[in-house]
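Colleague: after the sequence you'll find the predicted model.
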Amino acid sequence: MVLCAPALNRPAAARLTLDRLPPTRVIHGMQDDVVPHEVSLPFGERLITVNDGHRLKNNMKTILTVVFDLQLQLEKLG
């Protein structure tokens, strides 16, 4: 799963635990003015921060690369 600028500061995400998620990557913009990137920090090494805003409009290549790489990893796991 690839989450782009997820609203993890919302009440609906309060029960979210990292150990119960499928393989996940998070892409979050450092200049996000809608959802602060700090809410994604618990993802640790699964977090990819980029120099962009909430829409991540300048990072489509990054998003597609992360999706592709995660797909390859999942295929290797079988």
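Modeller: On my side now, so go ahead.
Colleague: where do the helices of this protein begin and end?
Modeller: Assigned by DSSP state H, the chain shows helices spanning 60-77.
Colleague: please report how far the residue most central in space within the chain lies from residue 54.
Modeller: Nearest to the geometric centre of the chain sits residue 26, at 1.2 Å (CA atoms, centre = their mean). As judged by CB to CB, to the nearest Å, residue 26 and residue 54 stand 13 Å apart. Every residue, glycine included, has its C-beta placed from N, CA and C.
Colleague: list the contacts of the nearest residue to residue 42 once chain neighbours are set aside.
Modeller: Spatial nearest neighbour of residue 42, excluding adjacent residues (CB to CB, 6 or more residues apart in numbering): residue 18 at 6.6 Å. By CB atoms under 8 Å, 6 or more residues apart in numbering, the contact set of residue 18 is 24, 42, 43, 46.
Colleague: do the same with residue 26
Modeller: Residue 26 is in contact with 2, 3, 4, 6, 40, 43, 46, 47, 48, counting by CB under 8 Å, 6+ apart.
Colleague: if I look at the last one, how far off is residue 28?
Modeller: Just to be clear, that refers to residue 48. Distance from residue 48 to residue 28, by CB to CB: 7 Å.
Colleague: more neighbours: which of those two?
Modeller: Between residue 48 and residue 28, counted using other CB atoms under 10 Å, residue 28 has the larger neighbour count: 25 against 18.
Colleague: pLDDT-wise, which helix or strand of the protein ranks last?
Modeller: Sorting the helices and strands of the chain by mean pLDDT, DSSP states H and E puts helix 60-77 at the bottom, at a mean of 93.
Colleague: list the buried residues in that one.
Modeller: Residues of helix 60-77 classed as buried: 63, 66, 70 (neighbour count, 16 or more other CB atoms under 10 Å).
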